[in-house]
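Trainee: Provided below are the primary sequence and the corresponding predicted coordinates.
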Amino acid sequence: MASAEEGGVKTTPAKIATCRAPVNIAVIKYYMFIGFTFYRGKRNEELILPVNSSLSATLHIDQLCTTTTIAASKYFTKDRIWLNGKEESLENPRLKTCLKEIRRRARTRKSAPEDSESDQQMNGITAEDKLDWRVHICSENNFPTAAGLASSAAGYACLVATLAEVYGIKGNVSDIARQGSGSACRSMYGGFVQWIMGERDDGIDSIADQVEPEDHWPNMRVLILVVSAEKKSTSSTSGMQTTVNTSPLLQYRADHVVPQRMEDMIKAVKEKDFEAFAELTMKDSNQFHAVCLDTHPPISYMNDISRTIVSLVHAYNDFHNRTKVAYTFDAGPNAVLYLLEKDVSDVLSFINHCFPPSDSSSNGETFIRGLAADVTTPNKKLLNAVHFDPRPNSLRYIIHTKVGPGPQTIEETACHLLDPATGMPK
């Protein structure tokens with residue numbers, strides 16, 4: 001491998017890996033312990049342990065993903081990270097925890113970055129030596145960060161998946177991803193995934209488990225209506241901490257509602273019962289945001305456009321006398337709609353009519369992105385029944401996607417975000 005110099009210091013990486021990891025959108029929501037140790041007894045606040053189990057769909061990496069490249073070298077003087085083109089501090093405790101846990105597991109399993117025998121002989125080092133090497137991390141999202149689109153889930157899942165590739169870690173590492181961002185554990189698998197809350201104080205049994213693979217429900221589709229791509233005013237982490245400390249509704253939800261909903265949702269997914277899936281999804285989203293309002297002081301992630309989307313979805317379903325589309329909102333104003341492939345054109349046409357783009361709203365970019373779909377004039381009877389005056393510029397854009405796989409390793413060197421010769425961002 002060619003070598004290079006940075007400030008007179010040789011920086012040739014001995015191991016470099018690149019992965020892509022997906023976003024996941026929960027249909028049964030969770031809250032987690034953060035800085036709060038007395039809820040159902042004492043649990044370790046540093047491990048990111050949930051108040052209840054949850055279930056999500058992993059979205060396809062072709063439309064939304066994080067890409068991460070990690071290089072390891074004995075010549076690096078310290079761990080470094082670049083996020084979306086900007087170098088960031090590695091003092092973030094969650095980043096440090098993920099690095100520490102991967103290295104700990106590598107030592108426990110007597111595993112290390114794998115070089116060819118010729119490289120090991122040439123460099124004159126042992127596998128154990130490599131465990132002390134520093135890493136350079138470069139990560140990019142192809143969607144807005146911190147806007148309520150599960151960027152932290154994709155980011156930490158990608159970080160952990162790539163670190164596992166570099167350090168030769170095999171098996172379930174969702175518990176490590178969880179310690180970066182709770183929902184990141186679900187992005188370690190494709191398809192439909194549950195995060196089992198677990199019972200142990202050390203969090204060992206709080207892991208993700210695939211309910212069904214990505215090809216189980218091939219005609220399931222997802223529309224993401226991006227109301228705002230701006231950073232949220234209240235982060236998921238701080239919001240959850242306040243809610244866990246102050247909301248009595250959360251305690252009732254965790255004890256009496258979620259356990260049965262998890263059973264019902266898993267059954268609906270396995271049987272591909274869309275109407276049951278959709279009803280549960282909307283009810284759980286509504287209760288999630290009711291808990292946000294039950295927080296003291298209250299938290300409101302949804303805005304007027306979000307609430308209008310809710311009303312339009314119910315009006316659309318009422319017109320058809322059946323549930324054909326479901327909404328869900330995470331900790332942000334952006335709507336995620338679940339529907340079947342056969343209804344995509346009709347629903348997209350309706351949404352496009354209600355929230356039309358202006359010539360300048362998308363800055364020359366496509367308003368409807370992702371998978372191809374026909375957008376036509378909506379059903380006139382539907383429009384007469386709904387009585388809605390279009391609101392231009394209410395949506396930034398729409399992403400059309402589907403359920404997809406978990407993290408993927410990218411072998412093509414051209415896809416590395418770090419220069420293989422220097423370990424620095426390209």
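Mentor: Perfect, I can see it now.
Trainee: From here on, just use CA atoms for contacts and neighbour counts.
Mentor: Noted.
Trainee: from memory Y301 sits against A335, does it?
Mentor: No: counting by C-alpha atoms under 8 Å, A335 is not a contact partner of Y301; they are 11.1 Å apart.
Trainee: Which one's more surrounded, these two?
Mentor: Legend: neighbour count by other C-alpha atoms under 10 Å for Y301 and A335, higher for A335 (25 against 21).
Trainee: Report the beta-bridge partner residues of the more buried one.
Mentor: L225 (DSSP bridges).
Trainee: roughly how far apart are it and A57?
Mentor: 15 Å (C-alpha to C-alpha, to the nearest Å).
Trainee: now the longest helix belonging to the chain: mean pLDDT?
Mentor: For the chain, the helix with the greatest residue count under DSSP state H is helix 274-294. The average of the pLDDT scores along helix 274-294 is 97.
Trainee: elements contacting that helix?
Mentor: strand 24-28, helix 236-246, helix 248-252, helix 258-271, strand 325-328, strand 335-340 (3 or more C-alpha pairs under 8 Å, 6 or more residues apart in numbering; DSSP states H and E).
Trainee: Extract the C-alpha trace of it and format it as CSV.
Mentor: Taking C-alpha atoms only, helix 274-294 is exported to CSV below (Å, rounded to 0.1, in the frame of the first residue of the first chain):
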residue,chain,number,x,y,z
PHE,A,274,-52.0,-3.8,6.5
GLU,A,275,-55.2,-2.4,8.1
ALA,A,276,-54.2,-3.7,11.5
PHE,A,277,-50.6,-2.5,11.0
ALA,A,278,-51.9,1.0,9.9
GLU,A,279,-54.3,1.4,12.8
LEU,A,280,-51.7,0.4,15.4
THR,A,281,-49.1,2.7,13.8
MET,A,282,-51.4,5.8,13.9
LYS,A,283,-52.6,5.1,17.4
ASP,A,284,-49.1,4.7,18.7
SER,A,285,-47.9,7.8,17.0
ASN,A,286,-50.8,9.7,18.6
GLN,A,287,-50.0,8.4,22.0
PHE,A,288,-46.3,9.2,21.7
HIS,A,289,-47.2,12.8,21.1
ALA,A,290,-49.8,12.8,23.8
VAL,A,291,-47.1,11.7,26.2
CYS,A,292,-45.0,14.6,24.8
LEU,A,293,-47.8,17.0,25.8
ASP,A,294,-48.1,15.3,29.2
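Trainee: okay, the angle between that helix and helix 258-271?
Mentor: Counting by axes from the mean of the first three to the mean of the last three C-alpha atoms, to 10 degrees, helix 274-294 lies at 150 degrees to helix 258-271.
Trainee: Can you name the element that comes right after helix 274-294?
Mentor: Next in sequence after helix 274-294, counting helices and strands by DSSP states H and E, comes helix 304-320.
Trainee: mind checking how far the closest residue in space to D132 that isn't next to it in sequence is from D318?
Mentor: Using C-alpha to C-alpha, 6 or more residues apart in numbering and skipping the chain neighbours, the partner closest in space to D132 is K74 (7.8 Å). According to C-alpha to C-alpha, K74 stands 63 Å off from D318.
Trainee: Also N352?
Mentor: Separation of N352 from D318 (C-alpha to C-alpha): 19 Å.
Trainee: With neighbour numbers in mind, choose between those two.
Mentor: N352 (23 against 15).
Trainee: That one belongs to a strand?
Mentor: No: counting by DSSP: H, G, I helix; E, B strand; the rest coil, N352 falls outside a strand, being helix.
Trainee: Tell me who's in contact with it.
Mentor: Taking C-alpha atoms under 8 Å, 6 or more residues apart in numbering, we find N352 in contact with V375.
Trainee: Now the phi/psi pair for T58, please.
Mentor: When read as degrees, to the nearest 10, the backbone of T58 gives phi -80, psi 130.
Trainee: For it, which non-adjacent residue is spatially closest?
Mentor: Using C-alpha to C-alpha, 6+ apart and skipping the chain neighbours, the partner closest in space to T58 is N24 (4.2 Å).
Trainee: low-confidence ranges in the stretch 101-250 of the chain?
Mentor: Scanning the stretch 101-250 of the chain with the threshold set as pLDDT under 70 gives 110-129, 144-150, 229-239.
Trainee: hey, where'd the helices end up in it?
Mentor: All helices of the stretch 101-250 of the chain, identified by DSSP state H, counting those that start in this stretch, fall at 117-123, 127-130, 151-167, 174-178, 236-246, 248-252.
Trainee: Could you export these to TSV, including columns for mean neighbour count and distance to V386?
Mentor: Shown next, in TSV, are these (neighbours: other C-alpha atoms under 10 Å; distance: least, C-alpha to C-alpha, whole Å):
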stretch	mean neighbour count	distance to V386
helix 117-123	11	68
helix 127-130	15	64
helix 151-167	27	34
helix 174-178	28	43
helix 236-246	19	34
helix 248-252	17	33
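Trainee: Let me have these in JSON lines, adding distance to R94 as columns.
Mentor: Formatted as JSON lines, these follow (distance: least, C-alpha to C-alpha, whole Å):
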{"stretch": "helix 117-123", "distance to R94": "32"}
{"stretch": "helix 127-130", "distance to R94": "23"}
{"stretch": "helix 151-167", "distance to R94": "9"}
{"stretch": "helix 174-178", "distance to R94": "10"}
{"stretch": "helix 236-246", "distance to R94": "12"}
{"stretch": "helix 248-252", "distance to R94": "25"}
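Trainee: Which among those helices is found nearest to H136?
Mentor: Nearest to H136 among those is helix 151-167; the distance by C-alpha to C-alpha comes to 10.6 Å.
Trainee: Determine how far that closest one lies from the middle of the whole chain.
Mentor: Centre-to-centre, helix 151-167 and its host chain are 11 Å apart (C-alpha atoms, centre = their mean, to the nearest Å).
Trainee: name the helices or strands packed onto it?
Mentor: Looks like helix 151-167 contacts strand 15-22, strand 65-73, helix 93-108, strand 134-141, helix 174-178 (3+ C-alpha pairs under 8 Å, 6+ apart).
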